[in-house]
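1. Just need the structure, nothing else, for what follows:
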Amino acid sequence: TNAAEQQSSTPSALSNGRCPSNTVGLPIPVMTRNLYQGADLSPVFAAAAKGDGPGIVQATTTAWQNIKATNFPERAGALGDEIEQSEPLLVGLQEVSLFRTGLPDSISATPTPAEHVEFDYLDLLLRELDQRGLHYAPVTITKEADAEIPGYTAPGVLQDIRLTDRDVILARTDVSSSKLQLSNKQTGNYATYASLPIGDTGQSIKLLRGWGSVDVTLRGQTFRFINTHLQQEGPLNAIQVAQGNEILNGPANTSLPVILAGDFNSRADGTGTPTYNNLIGAGFKDAWRATHPRELGNTWGHRADLLNTTVNLTQRLDLVLFRNNLCALDADVVGDELSDRTPSGLWPSDHAGVVATLRGE
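-> I've put the predicted structure just below:
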C-alpha cells in the first residue's frame, strides 16, 4: 500500500476481509472488465457542446478512425484468453459497445436511427469464448448512453455513427442447475446522470450510466452480484458520488451477501473522488486490498491508442468489493503484462481487469 492509500484509508478500509484458514464455503471466482470503446471521445463532446458542425464531423471522424485502429475484433481474442485462464463464475463487463451506422441526419428534426451494425463488442467477445469451448451467456444487459453523430466512415462517405453503451453480466452456463441457480435479474439507470448539450439547438445527449444485478445460489449459498460503471472523474464528480449512493440505497440494499464489481472511476488511494471511501464506509471490503495490502494493483492508464510499450497503469479504478458474510481468498490484476498484448501490439483495453475469488464465511 502506498503512502497516500495509507493516509486516506479509514479503519474500516483497513480491516482484514481476507478468509481465515478455517473458512469452508465454496470458492466464488468473479471478474470485472472494462472493454474500452476504442477512442477518447472527449473531443467529440467538446465540439458538440460548442455546436460546431464542422468540428463535430472532424472529431467524430477522428474518433471513428481510432475505434477501427484499436481493433476490438482482435482485442476480443486477448480478453477471451483472460477469461479462459481465470475461469470466473460471473463476469461484470463495462463499455460493451455497439457501433452502428446510418443516414447522416442526426441533427435534423426527425433523424433516422442508425441500425447497420459495424461492431458489436458483446457478440464478438461471446464468439471468442465459444471458440475456446467456454460456456458463458449474458444474464443482464444494461443499456446506457445511446447517441449518434455524423462523421466520415471512409473518404467521401458521411454517415451517422451511433454508439450504444452497455454494461453486461456474463455467467457460466456449464454448471448444472442443481449446483447453480440465477434469479431476480435486475437492471437500472442512475437517476443522476450527466447531460451534454449540443450547442444552442436545444438538443442534448443523456450520458446515462447504470447497473445490473443477479441473485446467485451456489450449492445452497445465495449472494447478490452487482456490476456497474460510474461517471468518470472530472467536473461532474458530484454526479459520480450520487451514483455511488444510489447503489447503496438500491441494489446493494439487501441483507444478502453482496459482491459489487465494476469500473468505479474513483481512485482507491483516496486522492480522487470520495466514492471509494463512501462504499468502504458503508461496510464494503476490497478484495485486492484484503489479499494484497502492500501492492498498488493499478488498473487504468494505457494510452488511448493502446500502443504504449511500457505498462502505464497509474490508478486503481476497477474493483471487486464485498460485504455481509463474505471473505476474499485471492485477487489478481489481468491485462497488465506486456505479454498480454495482441499479436499487433494492442493492449486488451485501456484498463486492466480484476479477478477475485471470494468465499462465504
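
2. OK, contacts around the most centrally placed residue in the chain?
-> Of all residues in the chain, the one closest to the mean position by CA atoms, centre = their mean is Q94, 2.6 Å from it. Contacts for Q94 were tallied using CB atoms under 8 Å, 6 or more residues apart in numbering; they are T32, R33, N34, L35, D167, N227, T228, H229, G262, D263. (C-beta placed from N, C-alpha, C; glycine too.)

3. same thing but at 6 Å, please
-> When contacts are counted by CB atoms under 6 Å, 6 or more residues apart in numbering, Q94 touches N34, D167, H229, D263.

4. Any chance of the residues you listed in TSV with neighbour count as columns?
-> As requested, these are exported to TSV (neighbours: other CB atoms under 10 Å):
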residue	neighbour count
N34	26
D167	25
H229	26
D263	26
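
5. Nearest to N184 among those residues?
-> D167 (17.2 Å; CB to CB).

6. buried ones in the helix or strand hosting the closest one?
-> Under the criterion of DSSP states H and E, D167 resides in strand 157-172. Neighbour counts over strand 157-172 (16 or more other CB atoms under 10 Å) mark 159-172 as buried.

7. Kindly list the longest helix within this protein.
-> Scanning the chain for the longest helix, with DSSP state H as the assignment, gives helix 53-69.

8. mind checking how far the helix or strand just after that helix is from the chain centre?
-> With elements assigned by DSSP H and E, the helix or strand that comes after helix 53-69 is helix 72-86. When C-alpha coordinates are averaged (CA atoms, centre = their mean, to the nearest Å), helix 72-86 and its chain have centres 15 Å apart.

9. Give me the sheet partners of the helix or strand following helix 72-86 and which way each runs.
-> As assigned by DSSP H and E, the chain's next helix or strand after helix 72-86 is strand 90-94. Each strand paired with strand 90-94, and its direction, by DSSP bridges: strand 27-34 (parallel), strand 157-172 (antiparallel).

10. quick one on the thing from earlier: list the beta-bridge partners for the residue nearest to the centre of the chain.
-> Beta-bridge partners recorded for Q94 (DSSP bridges): N34.

11. and the gap between it and D130?
-> Using CB to CB, to the nearest Å, Q94 is found at 21 Å from D130.

12. Kindly report the same for V168.
-> As judged by CB to CB, V168 and D130 stand 16 Å apart.

13. One more: T60?
-> Per CB to CB, T60 is found 33 Å from D130.

14. neighbour count winner among the two?
-> T60 (27 against 12; other CB atoms under 10 Å).

15. hang on, the more buried one packs against A147?
-> No: between T60 and A147 there is no contact under CB atoms under 6 Å: 10.7 Å.

16. Give the rounded mean pLDDT of stretch 259-267.
-> The pLDDT scores in stretch 259-267 average 98.

17. quick check, distance from it to the centre of its chain.
-> Between the centre of stretch 259-267 and the centre of its host chain there is 8 Å, according to CA atoms, centre = their mean.

18. What ranges does the stretch 201-350 of the chain have for its strands?
-> Shown for the stretch 201-350 of the chain, the strands assigned by DSSP state E, counting those that start in this stretch span residues 204-207, 210-218, 221-229, 258-263, 285-286, 318-323, 326-334.

19. related to what we said a few turns ago, in PDB, could you pull the C-alpha coordinates for the longest helix of the chain?
-> Listed next in PDB are the C-alpha coordinates belonging to helix 53-69 (Å, rounded to 0.1, in the frame of the first residue of the first chain):
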ATOM      1  CA  GLY A  53     -20.900  21.500 -37.000                       C
ATOM      2  CA  PRO A  54     -17.600  21.000 -39.000                       C
ATOM      3  CA  GLY A  55     -15.800  20.400 -35.700                       C
ATOM      4  CA  ILE A  56     -18.300  17.700 -34.700                       C
ATOM      5  CA  VAL A  57     -17.800  15.900 -38.000                       C
ATOM      6  CA  GLN A  58     -14.000  16.200 -37.800                       C
ATOM      7  CA  ALA A  59     -13.800  15.000 -34.200                       C
ATOM      8  CA  THR A  60     -16.200  12.100 -34.900                       C
ATOM      9  CA  THR A  61     -14.200  11.100 -38.000                       C
ATOM     10  CA  THR A  62     -11.000  11.000 -35.900                       C
ATOM     11  CA  ALA A  63     -12.700   9.000 -33.200                       C
ATOM     12  CA  TRP A  64     -14.000   6.500 -35.700                       C
ATOM     13  CA  GLN A  65     -10.600   6.000 -37.200                       C
ATOM     14  CA  ASN A  66      -9.200   5.400 -33.700                       C
ATOM     15  CA  ILE A  67     -12.000   2.900 -32.900                       C
ATOM     16  CA  LYS A  68     -11.100   0.900 -36.000                       C
ATOM     17  CA  ALA A  69      -7.400   1.200 -35.300                       C
END
